[in-house]
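> sequence and computational prediction follow.
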Amino acid sequence: MSSSPISVIIVGAGFAGLTAALELSRKSIPVLLLEKSPSLSQTLGDIISFGQNSSRFFAKWPGVLEKLDPIIHQSTEFHFHDWQGKFVTTQSFVEEHRKWGTRVNGHRGEIHQILFDQASAQPNISILLNQTVMSYSETKDSAIVTTSSGHTFTADLVLAAEGVHSRARSKILGYDDHSRPTPSGYAVFRAWFPSSPLLTSNPLIKHLVYPNGDTHNGWIGKDVHFLTASIKNGTEFSWVCTHADDAQIKESWQFPGSKEKALKVVEGWDPIVQEIIRVTPEDRLFDYKLVFRDPLPTFVSPEHGRIAVIGDAAHPFLPTSVQGASQAMEDGVVMAACLDIAGKDKVQEAVKVWERIRYERVHAIQKTGVQTREQWHKADWDAIWKNPDSLHLKREAWILDFDAEKVAYQRYQEVRKELESGEKL
């Protein structure tokens, strides 16, 4: 890394870390990427969504869009029903696709694998797996990480992108953050599995899958919403059910779910919903507890400003925002642009400018997840039947019709001057 004008270490090979690595590489800044997993699996996770504000980045990485096209959701409509199965409204995405570009929705593991392979193919990105970072430290000239194996790595800047349990959060905050997540009162049952033969031969639910192509449906009830998507021409199927929950279990994407408990949540609901749960393979159902974390007062280490948290490590999102992965990607894109402008001698300036550009936007978008959940879970059905479109997902131009890289280059000098004048976040 000594041959580079800037040296960067990224901890965590999720969407934030991979985007930052790919964008830094695109700007000729080499990266050392440390990932704690000994290997990566395409089977992990379920559906994930990237709005137009982030799907635009895929086009910057040669060949990625072509690899994504066969595996992403092709439906341009979302059909809403009440909990008993009565059709309410259809939300079309055709116009936003025409104006802002195409969304990218698909299997988390498969999309992640494509980006990981893309990063692995870049000569200026070095990836080390099975590397658990135990500590972060910094001096005025460098940032340092130490792994569980005792290895120490040093760079001009460290980006912590290993999720909500990142040890870097404690470094940023100045106290142990590991025990501080607060239960949100909600949890999500999640599943993804092949649609054949479980669904294609079932007369109650076969209309949701092959040969009817990709479909997208939702059922809305009091304190519960149930969403489904079929993909790859209807040959694969996923569903998520967000519901009130006060259980205290480990927050994990892979905590086993119970069909019995899921059926209890939708007792008395549309038989289609109940049948979907019944045919779900036991080993493909997971139970994810949603927690709150207060917005961090800063994303950057206060001592020397050479450690920054990005993605979920900085700002975890509720699924109903439909922006968690997109904002993680925006973090990486803006950081690369800021470092590209600043150069090695002004790394700390670049990081502070990055933080200011990202801070207000990311927290404003975080709030939309709570707003959408409340819009559905506390719905006034008398009002909805008078105005069915009130159920629609809020697809707003200020979020989706946005080029984070372009804005970073446009605003850098303006924000730098604000920082010099002492203006606070």
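That came through fine. Numbers count the residues shown, from 1 in each chain.
> pLDDT score for Ser179?
Per-residue pLDDT puts Ser179 at 51.
> so what strands line up beside the host helix or strand of Arg190?
Per DSSP states H and E: Arg190 is located in strand 182-194. Neighbouring strands of strand 182-194 in its sheet, by DSSP bridges, are strand 236-244 (antiparallel), strand 285-292 (antiparallel).
> next one: the first one to chain centre, how far?
Spelled out, that is strand 236-244. From the chain centre to the centre of strand 236-244 is a distance of 16 Å (CA atoms, centre = their mean, to the nearest Å).
> sorry, back to before: nearest to Leu32, out of the strands paired with strand 182-194?
Leu32 lies closest, by CB to CB, to one member of the strands paired with strand 182-194: strand 285-292, at 30.7 Å. C-beta here means a position set from N, CA and C on the backbone, and glycine is covered the same way.
> just give me the residue closest to the centre of this structure.
The residue lying closest to the centre of the chain (CA atoms, centre = their mean) is Ala325, at 2.3 Å.
> who are the neighbours in contact with it?
Contact analysis of Ala325 by CB atoms under 8 Å, 6 or more residues apart in numbering lists 15, 48-50, 54.
> which one of the residues you listed is nearest Lys171?
Nearest to Lys171 among those, with distances taken as CB to CB, is Phe15, at 22.0 Å.
> still on that earlier bit, excluding residues flanking it in the chain, which one is nearest the residue nearest to the centre of the chain?
Phe15 (4.9 Å; CB to CB, 6 or more residues apart in numbering).
> isn't the one you found right up against Gly311?
Yes: Phe15 lies in contact with Gly311 (CB atoms under 8 Å); the separation is 6.8 Å.
> before we move on, the earlier item: make JSON lines out of the contacts of Ala325 and add distance to Phe402 and pLDDT.
Shown next, in JSON lines, are the contacts of Ala325 (distance: CB to CB, whole Å; pLDDT from 0 to 100):
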{"residue": "Phe15", "distance to Phe402": "17", "pLDDT": "95"}
{"residue": "Ile48", "distance to Phe402": "19", "pLDDT": "90"}
{"residue": "Ser49", "distance to Phe402": "16", "pLDDT": "90"}
{"residue": "Phe50", "distance to Phe402": "13", "pLDDT": "94"}
{"residue": "Ser54", "distance to Phe402": "9", "pLDDT": "95"}
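> identify the bridge partners of His216.
Where His216 sits in a bridge, its partners, by DSSP bridges, are Ala229.
> what sits against it?
Contacts of His216 (CB under 8 Å, 6+ apart): 73, 75, 77-79, 227-230.
> by neighbours, which of those wins?
Most neighbours among these, by other CB atoms under 10 Å: Ser230, with 26 neighbours.
> neighbours of Pro388, how many?
That count, for Pro388 with other CB under 10 Å as the rule, works out to 15.
> correct me if wrong: it contacts Val88.
Yes: counting by CB under 8 Å, Pro388 does reach Val88; the two are 5.0 Å apart.
> just to revisit the earlier point, out of the contacts of Ala325, which comes closest to Tyr359?
Ser54 (18.0 Å).
> need the contact list for the residue nearest to that closest one when sequence neighbours are not counted.
Spatial nearest neighbour of Ser54, chain neighbours left out: Ser326 (3.7 Å); criterion: CB to CB, 6+ apart. By CB under 8 Å, 6+ apart, Ser326 lies in contact with 49-51, 53-54.
> wait, which of those residues is closest to Val415?
The closest of the contacts of Ser326, once distances to Val415 are taken by CB to CB, is Asn53, at 19.3 Å.
> strands of the stretch 201-350 of the chain, start to end?
According to DSSP state E, counting those that start in this stretch, the stretch 201-350 of the chain carries its strands in the segments 216-221, 224-231, 236-244, 285-292, 307-309.
> mind putting these into CSV with distance to Lys352 and mean pLDDT?
Formatted as CSV, the strands of the stretch 201-350 of the chain follow (distance: least, CB to CB, whole Å; pLDDT from 0 to 100):
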stretch, distance to Lys352, mean pLDDT
strand 216-221, 41, 95
strand 224-231, 39, 94
strand 236-244, 36, 92
strand 285-292, 27, 79
strand 307-309, 9, 97
